[in-house]
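1. curious how this folds, go ahead:
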Amino acid sequence: MKKSLLISLLISTSLSGIAQETNYRIIRNIPYYDDAKMESDAYIRERCILDIYYPTDKKDFATVVWFHGGGLTGGEKELPDGFKHKNTCIIGVNYRLSPKVKAPAYIEDAAAAIAWAFKNIEKYGGDASKIFVSGHSAGGYLTCMAGLDKKYLAAHNIDANRIAGLIPLSAQTITHFNIREQRGIKNTQPVVDEFAPLFHVRHDAPPLLLITGDRELEMLGRYEENAYLARMMKVAGHKKTRLLELDGYDHGMVYPALPLVMKEVEKIIREE
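-> Sure, this is the predicted structure:
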């Protein structure tokens, strides 16, 4: 009797797991530029693609557009496990990389991917008013640039203020070190120009949650950069900027930060 009950429980658990998996679908390597642009450039065809993971039996779900890290020189699109099985869509984006391209090509790619989400997410059952943008390191930088400098999304007839929330992880908020390196500027020399999120501080931006690792363990000045952006956003009159520091975690703070991203998504949706 006990053995039969155990077998039944195991079968039930197994079937439950299978049912959970079938509630989500992944479609890979979707181009996010139009056909003409994709056909014009082999590197665009290679890199300007995205993967989408979404619930198949839910409607009006939220979406997180996720940009990978890698210093703008490496990395591959990803669908972080920490976002899965949360009744939420994840869009993992590839973008062109330095040194094959220079700024602002990768920022333009980020904006094009976000625009794709706005124009297509309802076809998959999502709600275009619940699109969030996030990413780690270089991906956090792209999150900030595409969300704060409105011209990149405006090129696709999208108002950046439609983004439900910006949640960059350990983002560079001064001009990215890869751009400074191309100009022969050393890492310890901060620059704030048109390629710095700090240059585009504004009071009317989407809600902004900045998350970094421990200031004593992070990459060079990364916490302080985020703290300065948070301060200047508030000085500019932005009412929904917050900064979280993950004590004890260095720059590789993605795993503990992912639940905080999801918590922020849920919080903003509740407040709407």
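2. show me where the stretch 101-250 of the chain has helices.
-> 105-120, 138-148, 151-154, 177-182, 222-235 (DSSP state H, counting those that start in this stretch).
3. what's the most buried one of these?
-> helix 138-148 (a mean of 29; mean count of other CB atoms under 10 Å). The way it works is simple: take the backbone N, C-alpha and C, and place the C-beta from them, glycine included.
4. restrict that helix to CA atoms and write it as PDB.
-> Only the C-alpha atoms of helix 138-148 are listed here, as PDB (Å, rounded to 0.1, in the frame of the first residue of the first chain):
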ATOM      1  CA  ALA A 138      26.900  46.200 -20.500                       C
ATOM      2  CA  GLY A 139      23.300  45.100 -20.700                       C
ATOM      3  CA  GLY A 140      22.500  47.400 -17.900                       C
ATOM      4  CA  TYR A 141      24.200  50.200 -19.700                       C
ATOM      5  CA  LEU A 142      22.100  49.500 -22.800                       C
ATOM      6  CA  THR A 143      19.000  49.500 -20.600                       C
ATOM      7  CA  CYS A 144      19.800  52.900 -19.300                       C
ATOM      8  CA  MET A 145      20.800  54.400 -22.700                       C
ATOM      9  CA  ALA A 146      17.800  53.200 -24.600                       C
ATOM     10  CA  GLY A 147      15.400  54.200 -21.700                       C
ATOM     11  CA  LEU A 148      16.900  57.600 -20.900                       C
END
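5. rewinding a little: would CSV of the helices of the stretch 101-250 of the chain with distance to I167 and mean pLDDT be doable?
-> Shown next, in CSV, are the helices of the stretch 101-250 of the chain (distance: least, CB to CB, whole Å; pLDDT from 0 to 100):
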stretch, distance to I167, mean pLDDT
helix 105-120, 13, 98
helix 138-148, 7, 99
helix 151-154, 17, 98
helix 177-182, 21, 97
helix 222-235, 12, 98
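6. what number of residues lie near D34?
-> Residues within reach of D34, counting by other CB atoms under 10 Å, total 10.
7. output the contacting helices and strands for the strand ranked longest in the chain.
-> For the chain, the longest strand by residue count, based on DSSP state E, is strand 126-136. With contacts taken as 3 or more CB pairs under 8 Å, 6 or more residues apart in numbering; DSSP states H and E, strand 126-136 sits against strand 61-67, helix 105-120, helix 138-148, strand 165-169, helix 254-271.
8. so which of those gets nearest H203?
-> helix 138-148 (11.4 Å; CB to CB).
9. just for the chain, where's the confidence low?
-> By pLDDT under 70, the low-scoring segments of the chain are 1-22.
10. now the longest strand of the chain: buried residues?
-> 126-128, 130-136 (16 or more other CB atoms under 10 Å).
11. between the helices of the stretch 101-250 of the chain, which gets nearest to I269?
-> helix 105-120 (16.1 Å).
12. angle of that closest one against strand 126-136?
-> On the basis of axes from the mean of the first three to the mean of the last three CA atoms, to 10 degrees, helix 105-120 is oriented at 160 degrees to strand 126-136.
13. so how far is helix 105-120 off the chain centroid?
-> Its chain's C-alpha centre and that of helix 105-120 lie 11 Å apart, by CA atoms, centre = their mean, to the nearest Å.
14. other SSEs contacting that helix?
-> strand 61-67, strand 89-93, strand 126-136, helix 138-148, helix 151-154.
15. tabulate the ones you listed in JSON lines, adding columns for distance to G74.
-> Formatted as JSON lines, these follow (distance: least, CB to CB, whole Å):
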{"stretch": "strand 61-67", "distance to G74": "13"}
{"stretch": "strand 89-93", "distance to G74": "15"}
{"stretch": "strand 126-136", "distance to G74": "13"}
{"stretch": "helix 138-148", "distance to G74": "9"}
{"stretch": "helix 151-154", "distance to G74": "22"}
